[in-house]
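Engineer: Sharing a model prediction with you, sequence too.
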Amino acid sequence: MDKLVYKKVSDSKTEQIQILMPEHINGFNRLFGGKLMEWIDVVAAVVARRHSNHNVTTASVDNLQFKSAAYINSTIFLSGQVTYVGKTSMEVRVTTYVENLNGIRQMINRAYLVLVALDDNDNPVHVPGLVLETDEERLEWEAGEKRRELRKQRRLGAY
Ligand SMILES: CC(=O)SCCNC(=O)CCNC(=O)[C@H](O)C(C)(C)COP(=O)(O)OP(=O)(O)OC[C@H]1O[C@@H](n2cnc3c(N)ncnc32)[C@H](O)[C@@H]1OP(=O)(O)O
């Protein structure tokens, strides 16, 4: 894709809602982390598909932090957005909340994923640039540059 194509963060922002059912719970009555990671991966993939208009694959999951537990019957709200783009890769932040009955949301997880857009032959393909409209988006972009550099160093150093 021509790199001169640009998209806004809001063009691909994606949200998902779940109510925690018995099949989402682990052996001691809390949300099973693996189930949440699956939902996070799906939200991130949809964000990246919407940004790139291509199929995407997850290259890495970076800095996934479980901050609080969630329990059965909770409303779970996931929100994903692009934070940084390279040539063929997109960094997507997915934040997960428990939404209380009064509408107040408490963050329970934050994760950064890198997804790569693929062409019809499964080769990485260029993605649109990102239009940064808010201070929060600009700060995330700057942090995304640092995270990308750290990931590169880790890959090169194999640590
Ligand atoms: C939605 C899902 O769950 S998919 C299932 C799980 N995921 C997979 O099966 C992916 C398996 N991995 C792959 O297919 C390949 O490693 C790919 C497509 C991710 C990358 O292929 P490569 O041959 O390394 O491609 P290449 O070296 O050109 O890198 C492409 C981009 O990916 C980035 N990249 C590659 N590996 C990583 C990594 N481990 N972490 C972060 N970014 C990475 C590169 O920095 C580059 O970004 P840029 O174009 O923005 O500069």
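Structural biologist: Sure, I can see it.
Engineer: Next, please give the residue ranges for the strands of the chain.
Structural biologist: 6-8, 14-19, 55-66, 75-85, 89-99, 105-118, 129-131 (DSSP state E).
Engineer: Serialize the ones you listed to JSON lines and add fields for mean neighbour count.
Structural biologist: In this view, the C-beta of every residue, glycine as well, is placed from N, C-alpha and C. Converted to JSON lines, the strands of the chain look like this (neighbours: other Cβ atoms under 10 Å):
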{"stretch": "strand 6-8", "mean neighbour count": "15"}
{"stretch": "strand 14-19", "mean neighbour count": "14"}
{"stretch": "strand 55-66", "mean neighbour count": "16"}
{"stretch": "strand 75-85", "mean neighbour count": "22"}
{"stretch": "strand 89-99", "mean neighbour count": "23"}
{"stretch": "strand 105-118", "mean neighbour count": "20"}
{"stretch": "strand 129-131", "mean neighbour count": "16"}
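Engineer: Go through the ones you listed and find the least confident stretch.
Structural biologist: Comparing mean pLDDT across those, the weakest is strand 55-66, with a mean of 94.
Engineer: quick one, what contacts Tyr6?
Structural biologist: 128-131 (Cβ atoms under 8 Å, 6 or more residues apart in numbering).
Engineer: how does it look with 10 Å?
Structural biologist: 85, 128-132 (Cβ atoms under 10 Å, 6 or more residues apart in numbering).
Engineer: how about these, which pair is most distant?
Structural biologist: Across the contacts of Tyr6, the longest distance by Cβ to Cβ is 13.0 Å; it joins Pro128 and Leu132.
Engineer: Hmm, Ser74 is touching Ile19, no?
Structural biologist: Yes: applying Cβ atoms under 10 Å as the test, Ser74 and Ile19 come out as touching, 7.3 Å apart.
Engineer: Which residues are in contact with whichever residue of the chain sits closest to the ligand?
Structural biologist: Closest residue of the chain to the ligand, Cβ to the nearest ligand atom: Gly86 (2.2 Å). Each residue near Gly86 by Cβ under 10 Å, 6+ apart is listed here: 114, 116, 124, 126-127, 144-145, 148.
Engineer: try 7 Å this time
Structural biologist: Shown in contact with Gly86 (Cβ atoms under 7 Å, 6 or more residues apart in numbering): Arg148.
Engineer: Need the phi and psi values for it.
Structural biologist: phi -100, psi -140 (degrees, to the nearest 10).
Engineer: More neighbours: which of Pro128 and Leu132?
Structural biologist: Each of Pro128 and Leu132 has its neighbours counted (other Cβ atoms under 10 Å); Pro128 has more, 22 against 18.
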